[in-house]
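Asks: Structure for the following, please:
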Amino acid sequence: MCKPVSQEGGDHVANSAVSIWPIIVICFTIVVFDGLDTISITFVAPKIANIWDMPASAMAPVFMAASIGAVIGYIAAGPMAIRLGDRRVMLLSVAVFSIGSLASATATDIMGLATLRLMTSVGLGAVLPLAVGAASSVVSPARRSTTAIFITTGLSAGGVLAGILGGPLIQNYGWQSIFIVGGILPLLLLPAIVCFFPASSREHTVAGKENAILGLFAGQLALRTILLWLFAFVVFVEAYAVLYWTPTLLINWGMPSEMAPASAAVLSMGGLFGGVILVFLVVELSVVRSLMVYGAFGLGCILIFAHGSLDKTIMMVVFGIGAGLVPCCMGQAALAVSFYPGHLRATGVGFAAAAGRIGSVVGPGLGGAVIALGWSTQQIVLMAAVPSIFSVIILVAIHILGPIDIQDSQIA
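Replies: All right, here's what the predicted structure looks like:
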């Protein structure tokens, strides 16, 4: 029997009886399964479109439904955690996205699949802020940004896992198998969540006593909050358009369809590699400067792709695009952690993530619309340079504003 963890008393629990590493491992693993389920639809979509005899662009409602569900999950996670506690909401969220993933395997048409992906993504959307918040609350203030980035690298790790498993599973057991595996694995974590996941956190308790949303715009936080939301929106527009449509674009360019899962895996491997490096880079350069480097690198890889050819080097370029773009999505959570004091942090992270997920709704929709126009793969990818440039400009503005002095109140 295990004794459930309670974290009512403080923000940093390193000196308590609570063990930090089980919480971090659980949070990371949950996010890995989140990434597996999120990315799997990107290379399952071309297969389903072919089986159901429809153009690839017809899958856009499925992609958009998934992102809309994630937005709902992000927004709902905080208020639900205040009312029910972090552990209960995490258990509910994991159960929802597991059941939704399993049910997705039974879909027989676009609207049915879109409805099931909406349900699944509500759970997926709630999981990430809860995991980042819980992991950040059990480490010292100096390690919060790196911890937030580390946990979010689980999304890319899950994408790599999906790419590795996707090809063999689809080939041998059909497209439904990837959803079945993605639904079963998270259910195995439920006992560990009951045993080790914090029941509630100090941030939720304090935020519930005042209008935390208005607090995000108090004093010198106002402009930073606006820029953070803009940055999150822009990088998610770009990253999700690329993540969702790269396999389809490469197939349209002439890549064999059986290699589509490999391209998704390479993109996610690049994101994972970039995320791991980002964990260490922020220690030397700060979060903002590090993200500026990544934004510029991703832009360079996009330009190379747009002016390149479909040869053996294309996977290296796809890897580079993933390494540049995906860590920016991870970094927006670290920016939020670095901006806000303890009583605003959960709300700040959640709303920044919601802004990003709104971008993830727009991105796949724009991608599908552009593909439907019949543009070439290179022309479509070149369009991704626009949000890259805009994201770097936003980061420069945040850098000019300079760091903010965060005064975290401590529990006696």
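
Asks: What does the pLDDT read for the spatially most central residue of the chain?
Replies: Nearest to the mean C-alpha position of the chain, by CA atoms, centre = their mean, lies L155 at 5.7 Å. pLDDT for L155: 80.

Asks: right, and it touches G35 too?
Replies: Yes - in this structure, L155 is within contact of G35 by CB atoms under 8 Å, at 3.8 Å. (Glycine included, C-beta is placed from N, CA and C.)

Asks: which residues of the stretch 251-400 of the chain score low on pLDDT?
Replies: For the stretch 251-400 of the chain, the stretches flagged by pLDDT under 70 are 258, 260-261, 310, 342-343, 346.

Asks: now the helices for it?
Replies: 260-285, 287-306, 314-339, 342-372, 377-383, 385-401 (DSSP state H, counting those that start in this stretch).

Asks: How far off centre is stretch 384-396?
Replies: On the basis of CA atoms, centre = their mean, to the nearest Å, stretch 384-396 sits 19 Å off its chain's mean C-alpha point.

Asks: show me where the stretch 101-250 of the chain has helices.
Replies: Ranges of helices in the stretch 101-250 of the chain, per DSSP H, counting those that start in this stretch, are 110-137, 144-173, 176-187, 190-196, 202-207, 212-215, 221-253.

Asks: Comparing those helices by mean pLDDT, which bottoms out?
Replies: Of all the helices of the stretch 101-250 of the chain, mean pLDDT reaches its minimum on helix 202-207 (a mean of 49).

Asks: What residues does V235 make contact with?
Replies: Contacts for V235 (CB atoms under 8 Å, 6 or more residues apart in numbering) come out as G295, L325, C328, C329, Q332, G356, G359, P387, S391.

Asks: redo that, cut-off 10 Å
Replies: Neighbour list for V235: 291, 294-295, 298, 325-332, 356, 359-360, 363, 387-388, 390-391, 394-395 [criterion: CB atoms under 10 Å, 6 or more residues apart in numbering].

Asks: just L401 next, same as before
Replies: By CB under 10 Å, 6+ apart, L401 lies in contact with Q220, L223, R224, L227, V288.

Asks: tell me the secondary structure for the closest residue in space to the first one that isn't next to it in sequence?
Replies: Nearest in space to Q220, with sequence neighbours left out and distances taken as CB to CB, 6 or more residues apart in numbering, is I404 at 6.0 Å. Recorded secondary structure, I404: coil (DSSP: H, G, I helix; E, B strand; the rest coil).

Asks: what's near enough to touch I404?
Replies: G219, Q220, L221, R224, S338, F339, Y340, P341.

Asks: Are any of those residues buried, and if so which?
Replies: Burial by neighbour count, 16 or more other CB atoms under 10 Å: within the contacts of I404 this picks out L221, R224, S338, F339, Y340, P341.

Asks: which residues touch the closest residue to the second one other than its chain neighbours?
Replies: If I follow you right, that is R224. Nearest in space to R224, with sequence neighbours left out and distances taken as CB to CB, 6+ apart, is F339 at 5.4 Å. Residues in contact with F339, defined by CB under 10 Å, 6+ apart, are 216, 220-221, 224-225, 227-228, 287, 345, 348-349, 352, 398, 403-404, 406.

Asks: redo that, cut-off 7 Å
Replies: F339 sits next to L221, R224, L228, G348, I404 when contact means CB atoms under 7 Å, 6 or more residues apart in numbering.

Asks: same thing with A70?
Replies: S121, L124, G125, R357, S360.

Asks: Cool, thanks, signing off.
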